[in-house]
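[1] give the three-dimensional model of this entry:
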Amino acid sequence: MSQLIIAIGRESGSGGLEIARTLAKRFGLPLYDKSILQSAAEDRGVDPKSLEQYDERPRSPLFYRSIKGFSSAPEDGVAQMQFDLLRRHAAAGESFVVLGRCAEEVLADYECLVSIFIEADLDFRIRRTPLPGNEALEFIRRQDRQRRVYHDQHCKNDWGDAQSYDLVINSARLGVPGTADVLEHYIRARQAHLDGQPAGAV
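    Take a look at the predicted model:
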């Protein structure tokens, strides 16, 4: 199999993590989500627990300075550690699935990249969140706001903007398992296209 990188962005409650895990299993690929923090920490010789609080977090304007283009914010440092690790895995010809981490832009130079954003209707997302109604809504809004700010601090394109991804899909339409099925078919079709196989070969 030729190199394949699947990058998944997601709204809170849309089932993005479950879909990423399903696709990783079906394609036999490692999944880089929070687990990449462990690898990035080991790579730098630091305790991963000391970095967890900064994982996929936007930088605070109160504790941020930029000196000659370099940020002093720990959130930025943790983000760049993960971006660098993703680039090294990709440059080594490895195939993998990555959840979040601005991967659709960090790895945009790779033709083998399939970038996907998973959204869903708000009522669907609330039902999938294990909290009472008002708490679920607040949790979703907080998570989405955090992801949007984090993403937009590191990327030129906006979080969730359809022009930034190969495919944007609403998981409420077919449910999480059905969405994973559709995405698997799409990714296999993209693979066949990149490998020069005739249409219908998947």
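
[2] can I get stretch 19-34 in PDB, CA atoms only?
    Below are the C-alpha coordinates for stretch 19-34, written out as PDB (Å, rounded to 0.1, in the frame of the first residue of the first chain):
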ATOM      1  CA  ILE A  19     -14.600   7.600  13.500                       C
ATOM      2  CA  ALA A  20     -10.900   8.200  13.600                       C
ATOM      3  CA  ARG A  21     -10.400   5.000  15.700                       C
ATOM      4  CA  THR A  22     -12.700   3.000  13.300                       C
ATOM      5  CA  LEU A  23     -10.700   4.200  10.200                       C
ATOM      6  CA  ALA A  24      -7.400   3.500  11.800                       C
ATOM      7  CA  LYS A  25      -8.500  -0.100  12.600                       C
ATOM      8  CA  ARG A  26     -10.000  -0.700   9.100                       C
ATOM      9  CA  PHE A  27      -6.800   0.600   7.300                       C
ATOM     10  CA  GLY A  28      -4.500  -1.000   9.900                       C
ATOM     11  CA  LEU A  29      -2.800   2.400  10.700                       C
ATOM     12  CA  PRO A  30      -1.700   4.000  14.000                       C
ATOM     13  CA  LEU A  31      -3.800   6.700  15.400                       C
ATOM     14  CA  TYR A  32      -2.200   9.900  16.600                       C
ATOM     15  CA  ASP A  33      -4.500  11.800  19.000                       C
ATOM     16  CA  LYS A  34      -3.500  12.500  22.500                       C
END
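
[3] state the mean pLDDT of the helix of greatest length in the chain.
    The longest helix of the chain (DSSP state H) is helix 171-194. In this model, helix 171-194 carries a mean pLDDT of 96.

[4] now do the same contact list for the residue nearest to A79 when sequence neighbours are not counted.
    Spatially, and ignoring its direct neighbours in sequence, A79 is nearest to H154 (5.9 Å; Cβ to Cβ, 6 or more residues apart in numbering). In short, each C-beta sits where N, CA and C put it, glycine included. Applying Cβ atoms under 8 Å, 6 or more residues apart in numbering to H154 gives the contacts 76, 79, 83, 102, 105.

[5] residue nearest the centroid of the protein?
    G100 (1.9 Å; Cα atoms, centre = their mean).

[6] least trustworthy helix or strand in this protein by mean pLDDT?
    Ranked by mean pLDDT, DSSP states H and E, the weakest helix or strand in the chain is strand 66-67, scoring a mean of 46.

[7] can you list the buried residues in the helix or strand that contains R142?
    Using DSSP states H and E, R142 sits within helix 133-154. Across helix 133-154, burial judged by 16 or more other Cβ atoms under 10 Å covers 136-137, 139-140, 143-144, 147, 150-154.

[8] please compute how far it lies from its chain's middle.
    Here helix 133-154 is found 15 Å from its chain centre; the criterion is Cα atoms, centre = their mean, to the nearest Å.

[9] about what we covered before: okay, the contacts of H154 in CSV with distance to H89 and pLDDT next?
    As requested, the contacts of H154 are exported to CSV (distance: Cβ to Cβ, whole Å; pLDDT from 0 to 100):
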residue, distance to H89, pLDDT
D76, 21, 80
A79, 16, 86
F83, 11, 93
C102, 15, 95
E105, 16, 96
